[in-house]
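Novice: Quick one, structure for this:
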Amino acid sequence: MHTILLTGRNGQVGWELQRSLQGLGRVVAPDSRSLDLADPDALRATIAEVRPSLIINPAAYTAVDLAEQEVERAYAINGIAPGVLAEQAKRLGIPLIHYSTDYVYSGEGDTPWHEHDPVAPQNVYGASKLAGEEAIRAIGCDHLILRTSWVYAARGKNFLLTMRRLGRERESLNIVADQVGAPTWARTIADLTTHIVAVRPDWHGVSGVYHLVNGGNTSWFGFAEAIFRLAAAAGDKVPNVAPIASEAYPTPAKRPKNSRLALNKLQETFGLTPPHWEEALALCWESLP
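Specialist: Purely as a prediction, here's the structure:
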């Protein structure tokens, strides 16, 4: 039986992967208390003990604003750890799936980014995630780097749950309307990852970077409007929502204004077409407690 080592089991994507990977093998999924990604020796020891046939790494340092202060820890988890995982994967002759982010791009323009486009991260988080990508490529194990964006789920800390809570607490909200991307359900990421593992056990010739997001795009303001339409239909209290510019909501870390990601490569290589973001949001909404 295949053994899959899955990091970040309590994260949004990691939690969904535990469910979707059922049936593909034994899933060993340590949490952050039993496996600290900032400790390379602990990573090597865990892999030596588990001897997996596949490593999947959704774990990451995702506190975008705090990363501007905790630079060393962000790089340890997002930049160094993926290299250690790749090093061990190559030693064992097994593949690695790693998740990255739209934040590796500059965020300029208004056309979708393609995987071969130049990268130019604008904050520490994006730079640390790019360092992880580069470490994997440098080591050269069979790998998939799946860049995603605007991840949300029915659990954890994310825009969907924050809007749902604030909508009940406040009469009005101002939401950034000049940053555009694809809200992406963690379950879409997990399910499509599992499809890839199931249909393409041999990745020779297809290693590389792929975009994995829900279809279509919108602004954070548009995302909020869609959330509150679902809330209103469910009988929840909803606030008045007004669009604002990024400059009206300053944050320690600069956010990209253009996070549109093209999906052609994923579709052509693996035959997978993610659902539109509004379809995925409606499904996720139905699963909320």
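Novice: Could you point out the longest helix of the chain?
Specialist: In the chain, with assignment by DSSP state H, the single longest helix is helix 124-139.
Novice: Using PDB, write out the CA atom coordinates for it.
Specialist: Output in PDB follows, covering the C-alpha atoms of helix 124-139 (Å, rounded to 0.1, in the frame of the first residue of the first chain):
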ATOM      1  CA  VAL A 124       8.100  38.800   2.600                       C
ATOM      2  CA  TYR A 125       5.400  36.100   2.400                       C
ATOM      3  CA  GLY A 126       5.600  36.000  -1.400                       C
ATOM      4  CA  ALA A 127       9.400  36.100  -1.400                       C
ATOM      5  CA  SER A 128       9.500  33.300   1.100                       C
ATOM      6  CA  LYS A 129       7.100  31.100  -0.900                       C
ATOM      7  CA  LEU A 130       9.200  31.800  -4.100                       C
ATOM      8  CA  ALA A 131      12.300  30.700  -2.200                       C
ATOM      9  CA  GLY A 132      10.600  27.400  -1.500                       C
ATOM     10  CA  GLU A 133       9.700  26.900  -5.100                       C
ATOM     11  CA  GLU A 134      13.300  27.700  -6.100                       C
ATOM     12  CA  ALA A 135      14.700  25.200  -3.600                       C
ATOM     13  CA  ILE A 136      12.500  22.400  -5.000                       C
ATOM     14  CA  ARG A 137      13.500  23.200  -8.600                       C
ATOM     15  CA  ALA A 138      17.200  23.300  -7.600                       C
ATOM     16  CA  ILE A 139      17.100  19.800  -6.000                       C
END
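Novice: how near is the residue lying closest to Asn123 once chain neighbours are set aside to Ala48?
Specialist: Counting by CB to CB, 6 or more residues apart in numbering, the nearest residue to Asn123 once its immediate chain neighbours are dropped is Ala253, at 3.9 Å. To be clear about C-beta, it is placed using only N, CA and C from the backbone, and glycine gets the same treatment. Distance from Ala253 to Ala48, counting by CB to CB, to the nearest Å: 36 Å.
Novice: Looking at the two, which is more packed in?
Specialist: Legend: neighbour count by other CB atoms under 10 Å for Ala253 and Ala48, higher for Ala253 (16 against 11).
Novice: if I pick that one, what's in contact with it?
Specialist: Counting by CB atoms under 8 Å, 6 or more residues apart in numbering, Ala253 makes contact with Val64, Asp65, Ala67, Glu68, Asn123, Val124, Tyr125.
Novice: pretty sure the last one is touching Asn78, no?
Specialist: The reference is to Tyr125. Yes: Tyr125 lies in contact with Asn78 (CB atoms under 8 Å); the separation is 7.4 Å.
Novice: Give me the contact list for the helix or strand containing Glu279.
Specialist: Glu279 belongs to helix 277-286 when elements are defined using DSSP states H and E. Helix 277-286 is contacted from outside by 152-154, 160, 182-185, 187-188, 213-218, 223, 226-227, 230, 234, 274-275, using CB under 8 Å, 6+ apart.
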